[in-house]
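In: Provided below for reference: sequence and predicted model.
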Amino acid sequence: MYFLSAGIVLLLLKYLELGPVAGWSWLVVLSPFGLALLWWAWADSSGYTRRKQMEKMDQRKADRIEKQRKALGLDRHRR
């Protein structure tokens, strides 16, 4: 996401011809988009994306169970 954000900012600066970015080559300005593609390809192929998604789902499940325990009066922290 950082590469994509940097690419958009650099693209706007180049398009609007602001600052030192106006003199940079298009290859340098567009390189964050290529890096973002490489990052996403690696994250998907290595299982990083799936692992983060599973961690998020597990945390949501634990939070939901804890909320239900509190609603039933079975709060572990009260004892």
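Out: Okay, I see it.
In: Look at the nearest residue to Trp24 once chain neighbours are set aside and report its pLDDT.
Out: Take Trp24 and drop its neighbours on the chain: the residue closest to it by Cβ to Cβ, 6 or more residues apart in numbering is Lys14, 6.8 Å away. The way it works is simple: take the backbone N, C-alpha and C, and place the C-beta from them, glycine included. Lys14 is assigned a predicted lDDT (pLDDT) of 95.
In: What helices and strands are in contact with the helix or strand hosting Lys14?
Out: The secondary structure element spanning Lys14 is helix 2-15 (assigned by DSSP states H and E). Contacting helix 2-15 under the criterion 3 or more Cβ pairs under 8 Å, 6 or more residues apart in numbering; DSSP states H and E are the following elements: helix 26-46.
In: okay but Phe3 is in contact with Ala36, surely?
Out: Yes - under the criterion of Cβ atoms under 8 Å, Phe3 makes contact with Ala36 at 3.8 Å.
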